[in-house]
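Novice: Below are the sequence and a predicted model for it; my questions follow.
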Amino acid sequence: MLFNSIKYALFLPIVVALFWASPQKWRVPILLIASYIFYMTWRPAFILLIIAMTVVNYFLGYAIWKSESRKKLWLTLSIVLNLSTLAFFKYAYFLDDVTASALAPFGITVSKLPFDIILPLGISFFVFEFIHYCTDIYRGSEPIKSFLSFALFASFFPTQIAGPIKRFQDFIPQFMSPSKFCVEDFDAGIALILLGLFKKVLIADNLAFFVQGGFSHPELFHGLDLWIFTYAFAFQIYFDFSGYTDIARGSAMLFGYKVPINFNLPYLATNIAEFWHRWHISLSTWLRDYLFIPLGGSRCPKWMNARNLIITMTLGGLWHGAAMHYLLWGLFHGCLLVAHKEFQTLKKSILILATALNTGAGKWLSMLLTFHAVCIGWVLFRAENIASCGQILEKMFFLDALKSHTSPLLMNLPAINYPLIYPAIYFVLPVLAIAHIAMGKVDKTSWVANSPKLVKAAWCVAMILLIVVFSPDKSPRFIYFQF
């Protein structure tokens, strides 16, 4: 059941009505049942996996809490079980291919896996929340007493498939206090859902077809064309994922619950570290707290700090998908973070450089350079494979299009069955950049709650009309559903 489907448009109001019409003691069970139904609309059998993981982690949490001498043993067991489950479903084929490639030069043939593995939706997010739960109990937090509350923490349907990754210390107390219907929260929730649908259906989905054509056929295009495809993907993935997050947060608000903000105008970051403080915030803070800091963090010699950054980001890249180009994307960002650390040290020793970068022009230049560094990373992320990635990057940096007065994009767009004309993209991309800023501010939604009823109604009607009129015939799945 996708957020941008008719099924969800029927499912959500029914669950909201049942929730508020029921006594307080029934509300958690109602949401838990609804969350399991939501998950079962994909593949019913996989609900057994989620329930099993929930039961195991619930009891492991109590084992960690009660044990005096074996806390670390129980924690290690929980991490191994969770990561093993993730590795089996997500990385079995990848490890099989890597092993086969490594042994092939020695004349050793490795047979393919004799069975098919289907990746359960949202398993990466489930696993990270379970690891967070057991680790924080090991660090001194009290476990969740109610099994139903714990099960809902893991399976809460608005955040079930693609986050944001929740922290139980912030989320569970919301179940404990009596829920009271708040008109302001309800209005803000509806506004966020409509904003999320606008981002996903109207912007991301329309860009998706353009981007698909470029990345599927890089051999048809010159370097300048591929830069434009990359810019388009940068905005596609932002509006797609932040749109999902808006719908998730808005849906949660309809029940009076808050989930973490996941985006904060990431393309306005002036350095790569700031970008990761603004992009997929719940993942970047998880990687910091449960991987980077345990590795030693930044309170260690410089080379170890660099190692920790590279390991953290490389594994973060691999978390996104079982493919070499995701691993390289993470490694690339790790190297950027190391370079940023070195540049910060250099800047402190060169006063004129620090002064220049603190000016308005310096900040704009920093923002522009950071955005383009992120875009180079997006090529690694989006490319179909390593060979395609290499071809795209080579063309982008040699800028083949500058050698010719005619861009092949004009000639080949009909071949990839995409109706937009080339000059329109030059207009669309700046508009998207402005929309990135404007929608980031709208994301707060406080203005909606404080506006007169007529303004609220007009805003909602305008969003609905735009979505209905300009949405494409076919809406792809949210990008992060595959992770």
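Specialist: Right, received. Where do you want to start? Residues are numbered from 1 along each chain as shown.

Novice: C-alpha only now, for contacts and for neighbours.
Specialist: Will do.

Novice: What count of nearby residues applies to residue 359?
Specialist: Neighbourhood size, residue 359 [other Cα atoms under 10 Å]: 11.

Novice: That one and residue 349, how far apart?
Specialist: Plainly put, residue 359 is 18 Å away from residue 349 if you go by Cα to Cα, to the nearest Å.

Novice: what about the closest residue to residue 179 other than its chain neighbours, which SS state?
Specialist: Spatial nearest neighbour of residue 179, chain neighbours left out: residue 256 (6.6 Å); criterion: Cα to Cα, 6 or more residues apart in numbering. Classification of residue 256 by DSSP: H, G, I helix; E, B strand; the rest coil places it in coil.

Novice: Now do residue 256: how many residues are near it, please.
Specialist: 19.

Novice: Please apply the same query to residue 223.
Specialist: Residue 223 has 22 neighbouring residues, counting by other Cα under 10 Å.

Novice: okay, now the domains of the chain?
Specialist: Following automatic domain parsing, one finds the domains of the chain at 6-180, 185-482.

Novice: Let me know the average pLDDT across the last one.
Specialist: When you say that, I think you mean domain 185-482. Throughout domain 185-482, pLDDT has a mean value of 83.

Novice: what about it, distance to the chain center?
Specialist: Distance of domain 185-482 from the chain centroid (Cα atoms, centre = their mean, to the nearest Å) equals 10 Å.

Novice: ok, now the shortest one?
Specialist: Once both centres are worked out by Cα atoms, centre = their mean, domain 6-180 turns out to sit 16 Å from its chain's centre.

Novice: mean confidence score for it?
Specialist: Taken as a whole, domain 6-180 carries a mean pLDDT of 89.

Novice: Test my guess that residue 100 contacts residue 113.
Specialist: No. Applying Cα atoms under 8 Å, one finds residue 100 not in contact with residue 113, separated by 11.2 Å.

Novice: Show me which residues of the helix or strand harbouring residue 335 are buried.
Specialist: Per DSSP states H and E, residue 335 falls inside helix 324-349. Residues of helix 324-349 classed as buried: 324-338, 341 (neighbour count, 16 or more other Cα atoms under 10 Å).

Novice: Find the pair from the residues you listed with maximum spatial separation.
Specialist: Longest distance between any two of those is 25.7 Å, between 324 and 341; criterion Cα to Cα.

Novice: Let me know how buried residue 26 is, in neighbour terms.
Specialist: 13.

Novice: do residue 352 as well
Specialist: The burial count for residue 352: 11, using other Cα under 10 Å.

Novice: Just the element for it, please.
Specialist: According to DSSP H and E, residue 352 maps onto helix 351-357.

Novice: Could you write out the alpha-carbon coordinates of the helix or strand following that helix in CSV?
Specialist: Sequence order places helix 360-382 as the next helix or strand after helix 351-357, per DSSP H and E. Coordinates of each C-alpha in helix 360-382 appear next as CSV, following Å, rounded to 0.1, in the frame of the first residue of the first chain:
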residue,chain,number,x,y,z
GLY,A,360,28.2,36.5,1.4
ALA,A,361,29.9,35.6,-1.8
GLY,A,362,32.1,33.1,0.0
LYS,A,363,29.0,31.4,1.4
TRP,A,364,27.3,31.2,-2.0
LEU,A,365,30.5,29.8,-3.5
SER,A,366,30.7,27.2,-0.7
MET,A,367,27.0,26.3,-1.2
LEU,A,368,27.6,25.9,-4.9
LEU,A,369,30.7,23.7,-4.5
THR,A,370,28.9,21.5,-1.9
PHE,A,371,25.9,21.0,-4.1
HIS,A,372,28.1,19.9,-7.0
ALA,A,373,30.1,17.6,-4.8
VAL,A,374,26.8,16.0,-3.7
CYS,A,375,25.6,15.8,-7.3
ILE,A,376,28.8,13.9,-8.3
GLY,A,377,27.9,11.5,-5.5
TRP,A,378,24.4,11.2,-6.9
VAL,A,379,25.8,9.8,-10.1
LEU,A,380,27.4,7.0,-8.1
PHE,A,381,24.1,6.5,-6.3
ARG,A,382,21.8,6.5,-9.3
